[in-house]
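S.K.: Provide a 3D model corresponding to the input given below.
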Amino acid sequence: MMTLRIAVVGLGKIAHDQHLPAIAASPDFDLVAAASLEGGVDGVPVFRTIDDLLASDIAVDAVAMCQPPQARYDAALTAIRANKHVLLEKPPGATMAECEGLVRMATATGTTLFAAWHSRYAPGVAPARAWLSSRRILSAAIVWKEDVRRWHPGQRWIWEPGGLGVFDPGINALSIATHILPGHIVLRGGTLDVPSNRAAPIAADLTLVDMDGAPISVVFDWRQTGPQTWDISVETADGRLELERGGAALRIAGEDQSLPAEAEYPRLYAHFADLIRAKASDTDRSPLRLVADAFLRARHVPVAPFDD
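M.R.: Have a look, this model is predicted:
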């Protein structure tokens, strides 16, 4: 198979931390260009916009969209209309309608569209999904607490409408839960703590259920210092499953499971290449749908201003 020529749009923290190293190590992709208002990449041309990149004489097969979600729709739509395959960093868009529009355009043009929920590629997720697939779920609990100052320094866009606030990391937990739990999940209610000087929540306490009525409690918080918490536990009729450290550790019925090394983004790009070669797409929007439902149905509670 020929190597796929890929460009990256948005050279922020996630691109430098994850996408660029994964592409450099991939046997499937060759980075040929980038587009970003700031930053650069050694050895490849960087354009100001996706339009400038596509107007150049550089041949591109695929584009990875790594900019903030508020700017993702227009750039992705431009790339799809130019018949480029598109990977969308999570969340795939700022709204459900934007995501639906991209799915429809990709279907119409026959291009691959990949909503890349990277946390689903954590080493413990696939075995957790396999074990739970034949179990009766009694309840589940998600606790996702981290320090926003540590993980999102100076990233003002996360506090703006469409940036999702604490759901920016929290949606990773929802992407895992919707993947490993065998039943459809519905949000019943909850509260969102919104700092008086911000447009997005800093914490959330939610109540969800699956179609059989099994309760799922969700706690997200961006104010945790010290050790960080990224845990999901599931009570079943056959014992307790514990997926910890964002999916890096798995315990089933009290026994630690042997897992491969962490390789979320390399696995993500391998799947993207497989999709392109199969002329297929992967556009699950269920995690974003739960976030949208939380903004609609949960009670918004004003809290003290947050200064970073």
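S.K.: so for stretch 6-13, first residue to last residue, what's the gap.
M.R.: 18 Å (Cα to Cα, to the nearest Å).
S.K.: residues touching that stretch, excluding its own?
M.R.: When contacts are defined by Cβ atoms under 8 Å, 6 or more residues apart in numbering, stretch 6-13 is touched by residues 15, 19-20, 23, 29-36, 38-41, 46, 50, 53, 58, 60-68, 71, 75, 79, 89, 155. Using the backbone N, CA and C atoms, a C-beta is placed for each residue, glycine as well.
S.K.: try stretch 117-136
M.R.: Around stretch 117-136, the neighbours that count as contacts under Cβ under 8 Å, 6+ apart are 18, 89-90, 172-173, 175-176, 179-182, 212, 234, 236-238, 241, 243-244, 246-250, 252, 257, 259-265, 267-268, 271, 284, 287.
S.K.: change it to 6 Å
M.R.: Here stretch 117-136 makes contact (Cβ atoms under 6 Å, 6 or more residues apart in numbering) with 90, 172, 175-176, 179-180, 182, 236-238, 241, 243, 246-248, 250, 252, 259-260, 262, 264, 267-268.
S.K.: restrict it to CA atoms and write it as PDB.
M.R.: Below are the C-alpha coordinates for stretch 117-136, written out as PDB (Å, rounded to 0.1, in the frame of the first residue of the first chain):
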ATOM      1  CA  TRP A 117     -12.100   9.300  20.200                       C
ATOM      2  CA  HIS A 118      -8.500   8.700  21.300                       C
ATOM      3  CA  SER A 119      -9.300   7.400  24.800                       C
ATOM      4  CA  ARG A 120     -11.100   4.300  23.200                       C
ATOM      5  CA  TYR A 121      -7.600   3.200  22.200                       C
ATOM      6  CA  ALA A 122      -6.300   3.100  25.700                       C
ATOM      7  CA  PRO A 123      -4.900  -0.400  26.400                       C
ATOM      8  CA  GLY A 124      -7.700  -1.500  28.900                       C
ATOM      9  CA  VAL A 125     -10.700  -0.400  26.900                       C
ATOM     10  CA  ALA A 126     -10.900  -3.200  24.400                       C
ATOM     11  CA  PRO A 127     -10.700  -6.000  27.000                       C
ATOM     12  CA  ALA A 128     -13.100  -4.100  29.200                       C
ATOM     13  CA  ARG A 129     -15.600  -3.900  26.400                       C
ATOM     14  CA  ALA A 130     -15.200  -7.600  25.600                       C
ATOM     15  CA  TRP A 131     -15.800  -8.700  29.200                       C
ATOM     16  CA  LEU A 132     -18.800  -6.400  29.700                       C
ATOM     17  CA  SER A 133     -20.500  -7.400  26.400                       C
ATOM     18  CA  SER A 134     -22.100 -10.500  27.900                       C
ATOM     19  CA  ARG A 135     -22.700  -9.200  31.400                       C
ATOM     20  CA  ARG A 136     -25.700  -7.800  33.100                       C
END
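S.K.: which residues in the stretch 1-150 of the chain form helices?
M.R.: Defined through DSSP state H, counting those that start in this stretch, the helices belonging to the stretch 1-150 of the chain, from first to last, are 13-14, 20-25, 50-55, 72-81, 96-109, 125-132, 148-151.
S.K.: list just the one of those helices that sits closest to A141.
M.R.: Distances from A141 to each of those were compared using Cβ to Cβ; the shortest belongs to helix 125-132, at 14.1 Å.
S.K.: next one: the closest one to chain centre, how far?
M.R.: Per Cα atoms, centre = their mean, to the nearest Å, the displacement of helix 125-132 from the mean C-alpha position of its chain is 19 Å.
S.K.: what average pLDDT does that helix get?
M.R.: Averaged over helix 125-132, pLDDT sits at 98.
S.K.: what residues sit buried inside it?
M.R.: Buried residues in helix 125-132, counting neighbours by 16 or more other Cβ atoms under 10 Å, are found at 125-129, 131-132.
S.K.: same question, stretch 149-162
M.R.: By 16+ other Cβ under 10 Å, the buried positions in stretch 149-162 come out as 152, 155, 157-159, 162.
S.K.: from the contacts of stretch 6-13, list just the buried residues.
M.R.: Buried positions within these, assessed by neighbour count (16+ other Cβ under 10 Å), are 15, 19-20, 23, 29, 31-36, 41, 46, 50, 53, 60-68, 71, 75, 79, 89, 155.
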